[in-house]
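Asks: Generate coordinates for the sequence data below:
(chains A and B)
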Amino acid sequence: QQQVKQSPQSLIVQKGGISIINCAYENTAFDYFPWYQQFPGKGPALLIAIRPDVSEKKEGRFTISFNKSAKQFSLHIMDSQPGDSATYFCAAVTQGGSEKLVFGKGTKLTVNP
Amino acid sequence: DTAVSQTPKYLVTQMGNDKSIKCEQNLGHDTMYWYKQDSKKFLKIMFSYNNKELIINETVPNRFSPKSPDKAHLNLHINSLELGDSAVYFCASRQRDRQETQYFGPGTRLLVL
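Replies: A predicted model of the protein is given here:
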């Protein structure tokens, strides 16, 4: 039972392009949606997170868009750079509820020079 | 000044052996986790401890036994290693009220031959 579905599995973008990764969730009790970035050989690290009362959150070149009615959220990376090449995981959690983050299956992003 | 550290970084062993992986965090967090990341990069939670108490045990074979001697340490002992145990194991920790923000260690790459 996969509670957070992530797509695409892999993504290749040219330098300067926009990378878009999509996630959908089922459990309406989720109330916080973080994105994690994982470089090869490293552990995942929190990139950006959003609450469902906000439709968009931007931090530098990274933007999360959130559609509560559709139970979908996405990560947009503007002006993608080769240094953004990594695996990206969306996740969901219920604050004050279960201890666990529910992760999507990850998207491997490759940004070509 | 490493936040979450794991030892060893690499572990190559024979099937049937018993091995341990150690994790330490110096962030003062109460909650610690073990995750397994398979070859497809899927992150699967295994265990969660809160202040030395087991909170989550996600249908993990009982060959895996976590131990938390204090809230800064969470070790993972694996008995009778199997080929399917080959994966990268990540330790993570978080603050009590920040379920969306987990700090991951660098991972332990386990290869069972």
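Asks: and chain B, which of its residues are near chain A?
Replies: For chain B, the residues found near chain A under the criterion Cβ under 8 Å from any Cβ of the partner chain are B:4, B:31, B:33, B:40-43, B:45, B:48, B:50, B:55-56, B:58, B:90, B:92, B:99-107. Quick note: C-beta positions are derived from backbone N, CA and C, even for glycine.
Asks: Can you go through those residues and name the buried ones?
Replies: Neighbour-count burial (16 or more other Cβ atoms under 10 Å in any protein chain shown) is assigned, among the residues of chain B next to chain A, to B:4, B:31, B:33, B:41-43, B:45, B:48, B:50, B:56, B:90, B:92, B:99-107.
Asks: which ones among those residues are found in strands?
Replies: Here DSSP state E is the test, and these give B:V4, B:T31, B:Y33, B:L43, B:I45, B:S48, B:N50, B:I56, B:F90, B:A92, B:Y103, B:F104 as lying in strands.
Asks: Need the CA coordinates for the helix or strand of chain B at the bottom of the mean pLDDT ranking. CSV is fine.
Replies: Sorted by mean pLDDT, DSSP states H and E, the helices and strands of chain B end with strand B:53-57, the least confident at a mean of 84. Written as CSV, here are the backbone C-alpha positions of strand B:53-57 (Å, rounded to 0.1, in the frame of the first residue of the first chain):
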residue,chain,number,x,y,z
GLU,B,53,11.6,3.5,23.7
LEU,B,54,10.6,1.6,20.6
ILE,B,55,7.8,3.4,18.8
ILE,B,56,7.7,1.9,15.3
ASN,B,57,8.5,-1.6,14.2
